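> sequence unavailable; structure follows:
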């Protein structure tokens, strides 16, 4: 069930203006947005956009202003109508929805969070949060109970009866989030919800959103122009430019294989250390020996690979530590067991450890850092130079 | 032939004025019963308002205004100033005239709000209605008031009824305009939010657009009151008693001093009404900043 698409967009196109058929012809001939506007006066907001959003994922759409990202998100709850193309919500064609079904969709299945909060300042916090329940005629007592629950979920206890004007920006967006969650929707549409907030508050809100999302397992469609935000929050990221989607991928794949120059330029502005993890930069260790190996064999192994240290594992590939060539020679000369000379004080990381966390370890560690799995089995190593070059 | 080049051709001139006069006369004759009923209703309501104002003892009215002035502005001296101004009206011997003027103003403001608010909402919501009603509003605002004083008199004879009609025609315009302006200019994202949460159009209007537009609508009421006040003297021309009539009589007798006193009283009433309603607007705005 989890992998099933909850929203499907097929060939969505949205044009503003009168002379549309001419514009469509030009676009099909491969003209770009600006040329079409100059020649026909038609603005191409979306052109042939297709994607699928899986149930329970955070789907981020990123693009600069005018790329069509706010247009497409408004098509998902039909605040905007497509010129052509189809949108399916749980396999139902949005075009076929009656007025009543559309109200039902907006009241129960999809709710929205806005860039400038979209709060009603003639109402108190609780009245705002309960708005969605009020329009579907939930009795007052019940909707206030639900609203209180949501207000405490977003951490605004004690502010229930305050007017909106008394709140700070971050608190206002918490109200916006609580209002959206009060309907218990399946999908949350978030149109640049944190863009109007200052960086520190923004970070708190991102964290809050992630923890709420983990808890409630909502599908989130998130619009942003901030690549760091996109990579931090997104399970899947779609990059838009001039009304088209250029690439849809996971943040990791996108930063490793950008589809074109535009995407890689976009990604360059991102802090990759928060996206890439050990598995993207690790290599197989050139020299690995077993604890039981004879010192002679270890020395041979080291000199053949032209390295000065070797990773020592036991029979089940569990990492024990590192042995240097000096110690291996000493073991042979003085006949000391290898196990006594292993440097066991080494740093280990998991395959999913983020580069940003590895960076600090590389500064402290004498050896390339070992990557292990949950059972301490050696999977690879990460050298300082590999970490640094991944950030370029 | 040369004449035609210098003067507008006589043959092309026609006179609709007479036709309209005839039409209104016959209309007022045929519809006498309905017109009389309207007239009686209007007179009764104005009398009712006047009676209400008159049963409030003069000192109580002054105290009420003082308290309102103090509460709304938040300053005690404002209340005291309003009290002193009203006492001045009384000592000029114009108290009863003021009440008469006030009752026409209040009646026409009430009528303007009752007519203007729904019309304002209608033009805000409906493009077609807007394209029809807007030119009529422009016409009502630019047409010299004397032009519609005459048909008002022809239909309702002289007195308070035509005064009320003329005042309302003049004063309803800002109410309509401000109501529609307020509703159209509600923050787009807030309206979008209302829609996104599944509000019907009616729910969006009643729960979001009208409350959000309230400060602007209140400004409309304030403007309507001011417009109605400015019609007071004009209405005296068609026989509406009150402060305006005093000015008119004194002017006819060229008694400058006698005209000045009721003039000052009109200014006083207008200032007090303006400041009280403006204060309410500012409060609403502060709530919704």
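Great, that's in hand. Bear in mind the structure is a predicted one, so any value in this text is a computation, not a measurement.
> so how far is the top helix by length along chain B off the chain centroid?
Across chain B, the longest stretch assigned as helix under DSSP state H is helix B:256-288. On the basis of Cα atoms, centre = their mean, to the nearest Å, helix B:256-288 sits 14 Å off its chain's mean C-alpha point.
> does it reach chain A?
Yes - applying Cβ under 8 Å from any Cβ of the partner chain, one finds helix B:256-288 touching chain A at B:287, B:288. Any C-beta I mention is one placed from the backbone N, CA and C, and that applies to glycine too.
> contact partners for the nearest residue to residue B:273 once chain neighbours are set aside?
Distances taken as Cβ to Cβ, 6 or more residues apart in numbering or on different chains place residue B:225 nearest to residue B:273, at 5.1 Å, with adjacent residues excluded. Residues near residue B:225 by Cβ atoms under 8 Å, 6 or more residues apart in numbering or on different chains: B:105, B:109, B:171, B:273, B:274, B:277.
> what helix or strand does the closest residue to the fifth one other than its chain neighbours sit in?
Ranked by Cβ to Cβ, 6+ apart and with sequence neighbours excluded, the top spatial neighbour of residue B:274 is residue B:226, at 6.1 Å. With elements taken from DSSP states H and E, the one containing residue B:226 is helix B:210-230.
> now do that helix and helix B:256-288, the angle between them.
Orientation note: helix B:210-230 sits at an angle of 180 degrees relative to helix B:256-288 (axes from the mean of the first three to the mean of the last three Cα atoms, to 10 degrees).
> tell me which residues of helix B:210-230 come out buried.
By neighbour count with 16 or more other Cβ atoms under 10 Å in any protein chain shown, helix B:210-230 contains the buried residues B:210-229.
> same deal with stretch A:228-240?
For stretch A:228-240, burial by neighbour count (16+ other Cβ under 10 Å) applies to A:228, A:229, A:230, A:231, A:232, A:233, A:234, A:236, A:237, A:238, A:239, A:240.
> can you tell me the average pLDDT over it?
Mean per-residue pLDDT for stretch A:228-240: 91.
> can you give me the end-to-end span of that stretch?
Stretch A:228-240 has an end-to-end distance of 16 Å (Cα to Cα, to the nearest Å).
> and it, how far from the chain's centre?
Stretch A:228-240 sits 4 Å away from the centroid of its parent chain (Cα atoms, centre = their mean).
> which residues are in contact with it?
Residues contacting stretch A:228-240 (Cβ under 8 Å, 6+ apart): A:49, A:51, A:53-54, A:57-63, A:67-69, A:72, A:194, A:202, A:206, A:209-210, A:220, A:222, A:224, A:245-251, A:254-255, A:259, A:262-263, A:266, A:270-271, A:274-275.
> considering only those, which also neighbour chain B?
Checking these against chain B (Cβ under 8 Å from any Cβ), there are no matches.
> report the buried members of these.
With burial judged by 16+ other Cβ under 10 Å, the buried subset of the contacts of stretch A:228-240 is A:49, A:51, A:53, A:57-63, A:67-69, A:72, A:194, A:202, A:206, A:209, A:220, A:222, A:224, A:245-249, A:251, A:254-255, A:263, A:266, A:270, A:275.
> in helices, which of those residues fall?
A:69, A:72, A:202, A:206, A:209, A:251, A:254, A:255, A:263, A:266.
> where does residue A:13 land in three-state SS?
Following DSSP: H, G, I helix; E, B strand; the rest coil, we place residue A:13 in the strand state.
> what about it, how many residues close to it?
Close neighbours of residue A:13, defined as other Cβ atoms under 10 Å in any protein chain shown, add up to 18.
> chain B versus that one, what's the distance?
From residue A:13 across to chain B, the span is 22 Å (Cβ to the nearest Cβ, to the nearest Å).
> show me what contacts that residue?
Each residue near residue A:13 by Cβ under 8 Å, 6+ apart is listed here: A:24, A:44, A:46, A:47, A:48, A:49, A:82, A:83, A:84, A:85.
> so what pLDDT did the third one get?
As summarised for this prediction, residue A:46 has a pLDDT of 92.
> nearest residue to it other than its sequence neighbours?
Nearest residue to residue A:46, sequence neighbours excluded (Cβ to Cβ, 6+ apart): residue A:14, at 4.1 Å.
> quick check: residues of the stretch 101-250 of chain A near chain B?
Listed as neighbours of chain B in the stretch 101-250 of chain A under the rule Cβ under 8 Å from any Cβ: A:103-108, A:110-112, A:114-123, A:131-132, A:134-136, A:163, A:165, A:179, A:183, A:189.
> give me the pLDDT for residue A:1.
pLDDT at residue A:1 comes out at 44.
> confidence score at residue 216?
In the absence of a named chain, this looks at chain A. 88.
> meant chain B actually
Predicted confidence (pLDDT) for residue B:216: 94.
> tell me the spacing between the residue nearest to it when sequence neighbours are not counted and residue B:223.
Excluding the flanking residues, the one nearest residue B:216 by Cβ to Cβ, 6+ apart is residue B:182, at 3.0 Å. For residue B:182, the distance to residue B:223 (Cβ to Cβ, to the nearest Å) stands at 12 Å.
> fine by me, we can end here.
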